[in-house]
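*Asks:* Need coordinates for the below:
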Amino acid sequence: MNCPICEYKMWGHGTRAGNKRWRCNKCGHTVTEGFETMTGFDDIHPSEVLFIDSEETLRVHGITDIHYGSTAFHEEKFAHAIDVIKDDPQARWFGNGDMIELIPSHYKISQRGQNMKPEDQAIEIAEKLQSISEKCLFIRGGNHELRTMNMMDLNITKLIAERLGVPLYHLPGYTVFNIGEKVWKLASGHGFRVAKNGNLELERLRLTYPEADVYYLGHDHKLYADQMPGLGVDEGGECLRNQWFVRGGSFLRYADYARYGIYPIQKIGWVEIEFPSVGDIACKIH
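*Replies:* Numbering: from 1, shown residues only. Next up is the predicted model:
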């Protein structure tokens, strides 16, 4: 098999959900037999874009801020998310950071907020997600995973990605969905700031990635999907162009630190984004 990107010969690269994988040793492009073409890299670095090709509508679930291993983790809601994705042939998903609670030893906050060791958190969440790994577009780390990066230069999200056999998105960036004749662009990142108005950080994302149809962030545990109407230009002249602002929610109950800080109580759940082959994007709150 030759690489569809640079035409260099591709070599066997293991399997993904029982399907043969191929990797180009020249440009790093990977192909999985029987799966949508993923024009990207195992590791998606800054300036690189992940392309997803599908002839049919895809329903993409943003799974963010799971906090697996936290004493406030909502296990039932997380299990429901896995079942929803597993049961829908057109479902895909991405992991958007803070997948585990990860409070290292001697860290600046108490370890009482977690009920298992960080290494067990990483192992167990990979086991939980294994049943839907073939539908995973990518995962990225959040500020909780950044703790081990800062302390010991250990990227625990990369280890989870390797265990699942899925791409790792290092930083915010574009994902482009070629759905039939439609082209949709998602700009996503974990998020950095916590503010009363969650749209302020989404506006910053839009300034950096102005071409997206959907802007998606997690981190602040807010859960909503709002249309932001504007005017664009097509062949007929001026047209209505809708962009979506999404904060992805969490799988965390009202944790003790949130009670102590008197933070607002947030809904538990996630957002499903439908990228259609016909019509417009739709978002659904679960």
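*Asks:* Which segments of the protein make up each domain?
*Replies:* Following automatic domain parsing, one finds the domains of the chain at 1-35, 38-285.
*Asks:* Let me have the ones you listed in TSV, extended by mean pLDDT.
*Replies:* Below are the domains of the chain laid out as TSV (pLDDT from 0 to 100):
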stretch	mean pLDDT
domain 1-35	67
domain 38-285	92
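*Asks:* Take these and write them to JSON lines, including mean neighbour count.
*Replies:* No exception for glycine: its C-beta is placed from N, CA and C like everyone else's. Putting the domains of the chain into JSON lines (neighbours: other CB atoms under 10 Å) gives the following:
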{"stretch": "domain 1-35", "mean neighbour count": "15"}
{"stretch": "domain 38-285", "mean neighbour count": "18"}
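*Asks:* Next, Arg241: secondary structure please.
*Replies:* At Arg241 the chain is in strand, as set by DSSP: H, G, I helix; E, B strand; the rest coil.
*Asks:* and if you look at Ile123?
*Replies:* helix.
*Asks:* contacting residues around it?
*Replies:* Arg163 (CB atoms under 8 Å, 6 or more residues apart in numbering).
*Asks:* again, 7 Å this time
*Replies:* With contact set as CB atoms under 7 Å, 6 or more residues apart in numbering, Ile123 has no partners.
*Asks:* Relative to Arg163, how far out is it?
*Replies:* 8 Å (CB to CB, to the nearest Å).
*Asks:* same deal with Cys283?
*Replies:* 30 Å.
*Asks:* what comes into contact with stretch 182-191?
*Replies:* 96-97, 140, 142-143, 172, 174-177, 201, 205, 209, 211-220, 275-277, 281.
*Asks:* Now, those residues that are in helices?
*Replies:* Assignment to helices by DSSP state H places the following of those there: 201, 205.
*Asks:* Might one say that Ile281 is in contact with Glu272?
*Replies:* No. If you go by CB atoms under 7 Å, Ile281 and Glu272 don't touch, sitting 11.0 Å apart.
*Asks:* helix, strand or coil for the nearest residue to Leu171 once chain neighbours are set aside?
*Replies:* Of all residues not flanking Leu171 in the chain, Pro46 sits nearest, at 5.3 Å (CB to CB, 6 or more residues apart in numbering). Under three-state DSSP, Pro46 falls in the coil class.
*Asks:* Now do the helices for the stretch 101-250 of the chain: every range, in order, please.
*Replies:* 118-129, 146-152, 156-164, 199-208 (DSSP state H, counting those that start in this stretch).
*Asks:* Enumerate residues external to the second one that contact any of its residues.
*Replies:* Around helix 146-152, the neighbours that count as contacts under CB under 7 Å, 6+ apart are 102, 104, 107, 154-156.
*Asks:* please redo it, this time with the cut-off set to 6 Å
*Replies:* If you take CB atoms under 6 Å, 6 or more residues apart in numbering as the criterion, helix 146-152 is touched by 102, 104, 154-156.
*Asks:* For those, work out which two are farthest apart.
*Replies:* Every pair in the contacts of helix 146-152 was compared (CB to CB); the two farthest apart turn out to be Pro104 and Asn155, at 13.8 Å.
*Asks:* how close does the closest residue to Ser131 other than its chain neighbours sit to Glu124?
*Replies:* Closest residue to Ser131 apart from its sequence neighbours, by CB to CB, 6+ apart: Lys86 at 6.0 Å. To Glu124, Lys86 is 18 Å away according to CB to CB.
*Asks:* now swap in Gly189 and tell me
*Replies:* Distance, Gly189 to Glu124, using CB to CB: 26 Å.
*Asks:* cool, Ala212 as well?
*Replies:* 33 Å.
*Asks:* One more: Val183?
*Replies:* 38 Å.
*Asks:* same deal with Gly165?
*Replies:* 17 Å.
*Asks:* Please apply the same query to His106.
*Replies:* 23 Å.
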